[in-house]
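K.L.:
when you get a sec, could you give me coordinates for this:
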Amino acid sequence: MTDASAPGDAGGFERRARENQAERRANIKTMYDFIICGAGAAGSVIARRLAENPACSVLLIEAGPDDEAESVMDPGLWPTNLSSDRDWGFQAEPNPHLDGRALSMSMGKGLGGGSSVNVMVWARGHRSDWDHFAAETGDASWNYGSVLDIYRRIENWQGRPDPEYRGTTGPVWVQPANDPSPIAAALLNAAEGLGIPRFENPNGQMMEGEGGVAYTDMLVRKGRRHSLYQAYVQPIADRPNLTILTETVVRRILFDGRRATGIEIARAGTISAINASTEVVISTGAINTPKLLMLSGVGDRDELARLGVPVVQHLPGVGRNLQDHVSFGCTWEYREPIPPRNSGSEATLYWKSRPDLTEPDLLFCQVEFPVPSERTAQLGVPAHGWTMFAGLARPHSRGRIRLKSADPNDMPVVDANMLSDPRDMETARACVKLCREIGSGDAFHPFVIGERIPGAGRQVDDAFIRDAAVTYWHQCGTAKMGSDDMSVVDAKLAVHGIIGLRIADGSVLPRVTTGNTQAPCAVVGERGADIMRRQYGLEP
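P.N.:
Model prediction:
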């Protein structure tokens, strides 16, 4: 198999890959065996695994640009991608549970999807997440033990050897934060001071029990972002059976009866159709996936009728069950500036809001610069400081995605509905309380003057929580796996009632995983690819 990292051949491979893809784009076919819509975390995985079989023709379509930008490759520049042409720029509806605030809901747009614009955190989720997915689907292949095997298979782990939990021969380069900031070490020490256990890394034993604290695992290789597109697709971009189209928008899935036959695309100002002889795979993310389904006639029949969209398959769960991690930033001012290192987020903590819990329901990421909301910024943002990005790992609130119209050019309606469930507000109070306790620990005293947001001595009330709430950009759940009336795909990721259409992205997760979502999306891609290769006899 061609490998772009082969010694002495990197330049030659890049030339071959560019020439190959230029030829593929100049000669777009009217039919491919498989069409994958979206080159994000899961779509990149499926494209790679299918294209490993030279007899398969694979078309990978991405709405955004390529990933050849310093803002993508430099780990420290990730915030500059927000609100850029690499961000879909979704805006949630005004939320009465946040005093009418309308949150920005950024989502990656470009090769790599979210894995090319995110904070590069590799977080596998908790054991209970995967066991829950197995129970929801009735398929043990989704349980923790099975998924742990997948993680070992896909990782190229660069930390201390740990063969029980970590793999070293896969395509995904995972490393601990390199030479982390002293402020990251302070977080680990402060958490330990409160009785929270410290672990060697956050992707082994730590996420099988109550949680803990550890340095972050990152997708950074030789100081550069190692997105899932870079890990999976870029090394095989010279293959003649793989076509990669960027800046191409999928407008609709095309059907013959209830069989998906292809897609309608908009590219370079022209609308055209491309057929799939075997399958279409949707990997466009938890906001765009339900939008694309509904535009194509798959969704709640009443919603579709309201907009004049002909119904192909009535699935009332399309667009429902929207979940995200909501966060509340608390900020401390540095005594002297401490420049951010790596991605600027090098330590992570999972813990419990109540002593009786057996699993973490809180998620904390240390950020080495101030991260206020537009409202908490009014409290005064220090020129130099660090933020505890403290959030709910297991939110109970559920939102919804709707169509604004039947025009594919219109943005969907995103009703995030954060903090609508009273249990989330109760957990948020405990979250902010623990956050402040950690930040006031002795371990931070050499580095900080004091708390600035919400402010030392200030009594935190629900108004502050509503003002501080922002998203972790971990949207998922809007086309969930399962067999109940609100599920959209089965355990094999096939859309209920449809032939030749599969979904593989964060939208299929029945609930948001405990932690950042790119690693679980990679597993969804691997599971989907395994299922498809077995179904169609496509060994590499």
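K.L.:
what's the neighbour count on D217?
P.N.:
Using other CB atoms under 10 Å, D217 has 27 neighbouring residues. The C-beta positions use only the backbone N, C-alpha and C, and glycine is treated the same way.
K.L.:
ditto for Q378
P.N.:
Q378: 11 neighbours (other CB under 10 Å).
K.L.:
so where is the chain shaky, pLDDT-wise?
P.N.:
Along the chain, segments meeting pLDDT under 70 span 1-8.
K.L.:
is L60 in a helix, a strand, or coil?
P.N.:
strand (DSSP: H, G, I helix; E, B strand; the rest coil).
K.L.:
residues in contact with G89?
P.N.:
The neighbourhood of G89, defined by CB atoms under 8 Å, 6 or more residues apart in numbering, consists of S83, S104, S106.
K.L.:
could you check how far it is from M105?
P.N.:
9 Å (CB to CB, to the nearest Å).
K.L.:
tally of neighbours for F90?
P.N.:
21.
K.L.:
tell me the phi and psi of the residue nearest to M418 when sequence neighbours are not counted?
P.N.:
Distances taken as CB to CB, 6 or more residues apart in numbering place V326 nearest to M418, at 4.7 Å, with adjacent residues excluded. Note on V326: its backbone torsions stand at phi -100, psi 140 [degrees, to the nearest 10].
K.L.:
what's stretch 257-274 in contact with?
P.N.:
28-32, 35, 37, 59, 61, 245, 247-255, 275-276, 279-280, 312-313, 408, 497-501.
K.L.:
any of those residues buried? List them.
P.N.:
If you count burial by 16 or more other CB atoms under 10 Å, the buried members of these come out as 32, 35, 37, 59, 61, 245, 247-255, 276, 279-280, 312-313, 408, 498, 500-501.
K.L.:
give me the three-state assignment for the residue in the chain sticking out farthest from the centre.
P.N.:
In the chain, counting by CA atoms, centre = their mean, G457 sits farthest out from the average C-alpha position, at 36.1 Å. The assignment at G457 comes out as coil when based on three-state DSSP.
K.L.:
could you do E451 as well?
P.N.:
strand.
K.L.:
can you tell me the closest non-neighbouring residue to it?
P.N.:
E451's closest residue in space is W332 (CB to CB, 6+ apart), at 5.3 Å.
K.L.:
please, which helix or strand holds that neighbour?
P.N.:
strand 326-334 (DSSP states H and E).
K.L.:
N288 too?
P.N.:
helix 285-295.
K.L.:
restricting to C-alpha, output that helix in CSV.
P.N.:
Extracted C-alpha coordinates of helix 285-295, given in CSV (Å, rounded to 0.1, in the frame of the first residue of the first chain):
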residue,chain,number,x,y,z
GLY,A,285,-22.5,15.7,10.3
ALA,A,286,-25.3,16.0,12.8
ILE,A,287,-26.7,19.2,11.4
ASN,A,288,-26.3,18.6,7.6
THR,A,289,-27.2,14.9,7.6
PRO,A,290,-30.8,15.4,8.8
LYS,A,291,-31.1,18.4,6.4
LEU,A,292,-29.9,16.3,3.5
LEU,A,293,-32.3,13.4,4.5
MET,A,294,-35.3,15.7,4.7
LEU,A,295,-34.5,17.5,1.4
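K.L.:
who does it touch, helix- and strand-wise?
P.N.:
Packing partners of helix 285-295 (3 or more CB pairs under 8 Å, 6 or more residues apart in numbering; DSSP states H and E): strand 248-256, strand 270-282, strand 400-402.
K.L.:
how many residues are close by the closest residue to Y536 other than its chain neighbours?
P.N.:
Counting by CB to CB, 6+ apart, T278 is the residue found nearest to Y536 once chain neighbours are left out, at 6.5 Å. By the measure other CB under 10 Å, the count of residues near T278 is 18.
K.L.:
now swap in A286 and tell me
P.N.:
Counted with other CB under 10 Å, A286 comes out at 29.
K.L.:
and V121, how many neighbours does it have?
P.N.:
21.
K.L.:
picking up where we left off before, now for the residue nearest to M418: which residues touch it?
P.N.:
G391, L392, P395, S397, M418, L419, D424, A428, A469, V470, T471, Y472.
K.L.:
what about it, distance to L82?
P.N.:
For V326 relative to L82 (CB to CB), the value is 17 Å.
K.L.:
how many residues are close by P65?
P.N.:
17.
K.L.:
wait, doesn't it sit right on D87?
P.N.:
No. If you go by CB atoms under 8 Å, P65 and D87 don't touch, sitting 11.5 Å apart.
K.L.:
need the overlap of contacts for the two.
P.N.:
K109.
K.L.:
could I get the CA-only coordinates of stretch 176-195 as PDB?
P.N.:
Provided in PDB are the C-alpha atoms of stretch 176-195 (Å, rounded to 0.1, in the frame of the first residue of the first chain):
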ATOM      1  CA  PRO A 176       0.400  12.700  24.600                       C
ATOM      2  CA  ALA A 177       0.600  16.500  24.700                       C
ATOM      3  CA  ASN A 178       4.300  17.200  24.000                       C
ATOM      4  CA  ASP A 179       6.200  19.200  26.700                       C
ATOM      5  CA  PRO A 180       2.900  20.500  28.200                       C
ATOM      6  CA  SER A 181       2.500  23.900  29.800                       C
ATOM      7  CA  PRO A 182       3.100  24.300  33.600                       C
ATOM      8  CA  ILE A 183      -0.600  25.400  33.800                       C
ATOM      9  CA  ALA A 184      -1.600  21.900  32.500                       C
ATOM     10  CA  ALA A 185       0.500  20.300  35.200                       C
ATOM     11  CA  ALA A 186      -1.100  22.600  37.800                       C
ATOM     12  CA  LEU A 187      -4.500  21.300  36.700                       C
ATOM     13  CA  LEU A 188      -3.500  17.700  37.300                       C
ATOM     14  CA  ASN A 189      -2.000  18.600  40.700                       C
ATOM     15  CA  ALA A 190      -5.000  20.600  41.800                       C
ATOM     16  CA  ALA A 191      -7.400  17.900  40.800                       C
ATOM     17  CA  GLU A 192      -5.400  15.300  42.700                       C
ATOM     18  CA  GLY A 193      -5.600  17.600  45.700                       C
ATOM     19  CA  LEU A 194      -9.300  17.200  45.600                       C
ATOM     20  CA  GLY A 195      -9.100  13.400  45.500                       C
END
